[in-house]
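Asker: A predicted structure for the sequence below; I have some questions about it.
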Amino acid sequence: MSFGWKLDVSAQEALIKISGEIDFTGTPALRDELHKCIEITSGELRVDLSELEYLDSSGLAALIELRRILTQKNRSVTIIAVTEQVGRLLHLTQVKSLFGME
């Protein structure tokens, strides 16, 4: 398992791809990057978590904060892909519908 995380942002597509691991040590930096991403994109923001190996509650809180900020700006966020671990966390915490997932 790799440590840390990587964020790829495409302003043209309003797409964020997060890979690696998100835990309490990396969440503050992730929040900062997500705030920057909000400023350089418009419309619906799509989040690809297909290469995110681990997400803890602090990382989940950062994603929920991202949704809250976008909602205040009349924008939406959709998670388009998840790994099995991340999918289980989103299911157990019952937040899938917040991100356009069934």
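Answerer: Perfect, I can see it now. Numbers count the residues shown, from 1 in each chain.
Asker: top helix in the protein by residue count?
Answerer: Longest helix in the chain, counting residues (DSSP state H): helix 57-72.
Asker: helices or strands up against that one?
Answerer: strand 15-22, helix 27-40, strand 45-55, strand 77-82 (3 or more C-beta pairs under 8 Å, 6 or more residues apart in numbering; DSSP states H and E). The C-beta positions use only the backbone N, C-alpha and C, and glycine is treated the same way.
Asker: In TSV: these, plus mean pLDDT.
Answerer: Listed next are these as TSV, based on pLDDT from 0 to 100:
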stretch	mean pLDDT
strand 15-22	92
helix 27-40	92
strand 45-55	94
strand 77-82	96
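Asker: residues in contact with the residue most central in space within the chain?
Answerer: Centroid check for the chain by C-alpha atoms, centre = their mean gives L63 as the closest residue, at 4.6 Å. By C-beta atoms under 8 Å, 6 or more residues apart in numbering, L63 lies in contact with 47, 77, 79, 99.
Asker: How much space separates the third one from T25?
Answerer: The spacing between I79 and T25, counted by C-beta to C-beta, to the nearest Å, is 22 Å.
Asker: what about the two, which has more around it?
Answerer: I79 (23 against 13; other C-beta atoms under 10 Å).
Asker: Is the more buried one in contact with E102, as I believe?
Answerer: No - with contact defined as C-beta atoms under 8 Å, I79 does not reach E102; the gap is 11.2 Å.
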